[in-house]
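Chemist: Please find the sequence and the predicted model below.
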Amino acid sequence: MRGLVRLIVLAIIVVGGYWAYYVFAAADPNDRFGVAINKYMPDQARQFACDKLKERFGPISAPEGCAAFPSWAGAPAAPQPAAPGASTTSP
């Protein structure tokens with residue numbers, strides 16, 4: 001019984017540690033394991049993670065699971081480039 005409890009505690013520490021790494025230090029906001037863990041976190045923890053990712057990575061597209069939070073909503077889209085050969089002046 002003690003072994004099972006230790007295993008569960010170890011699993012919680014490993015998963016929580018990787019989530020913290022994803023939020024505070026990961027080089028990629030779309031890290032597949034970080035995104036997968038973040039999906040199963042409670043809403044307040046997910047919002048915290050998404051806010052921190054927004055602070056760290058700035059104006060990028062929202063990682064999976066973060067688009068619904070206010071910090072990612074209404075992010076300015078990059079302007080569309082003009083078509084080649086299109087004239088911008090009127091005749």
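Modeler: Thanks, I have the structure now. Numbering: from 1, shown residues only.
Chemist: Show me the contact partners of the biggest helix by length in the chain.
Modeler: Assignment by DSSP state H gives helix 2-24 as the longest helix of the chain. For helix 2-24, contacts defined as C-beta atoms under 8 Å, 6 or more residues apart in numbering pick out Asp31, Phe33, Gly34, Val35, Ile37, Asn38, Met41, Phe48, Ala49, Lys52, Leu53. (Glycine included, C-beta is placed from N, CA and C.)
Chemist: which of those residues sit farthest apart?
Modeler: Phe33 and Phe48 (18.0 Å; C-beta to C-beta).
Chemist: got the buried residues for the longest helix of the chain?
Modeler: Tyr18, Trp19, Tyr22, Val23 (16 or more other C-beta atoms under 10 Å).
Chemist: Using PDB, write out every CA atom in stretch 62-78.
Modeler: Once non-C-alpha atoms are left out, stretch 62-78 reads as follows in PDB (Å, rounded to 0.1, in the frame of the first residue of the first chain):
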ATOM      1  CA  ALA A  62      -2.600  31.100 -28.900                       C
ATOM      2  CA  PRO A  63      -1.400  27.600 -27.900                       C
ATOM      3  CA  GLU A  64      -4.100  24.900 -27.900                       C
ATOM      4  CA  GLY A  65      -6.500  25.500 -25.000                       C
ATOM      5  CA  CYS A  66      -5.600  29.200 -24.400                       C
ATOM      6  CA  ALA A  67      -7.700  30.900 -27.100                       C
ATOM      7  CA  ALA A  68     -10.700  31.100 -24.800                       C
ATOM      8  CA  PHE A  69      -9.000  33.200 -22.200                       C
ATOM      9  CA  PRO A  70      -9.100  37.000 -22.200                       C
ATOM     10  CA  SER A  71      -5.400  37.500 -22.500                       C
ATOM     11  CA  TRP A  72      -5.400  35.800 -25.900                       C
ATOM     12  CA  ALA A  73      -8.800  37.100 -27.100                       C
ATOM     13  CA  GLY A  74      -8.700  39.800 -29.700                       C
ATOM     14  CA  ALA A  75      -5.000  39.500 -30.400                       C
ATOM     15  CA  PRO A  76      -4.200  41.700 -33.400                       C
ATOM     16  CA  ALA A  77      -3.800  39.800 -36.600                       C
ATOM     17  CA  ALA A  78      -0.900  40.500 -38.900                       C
END
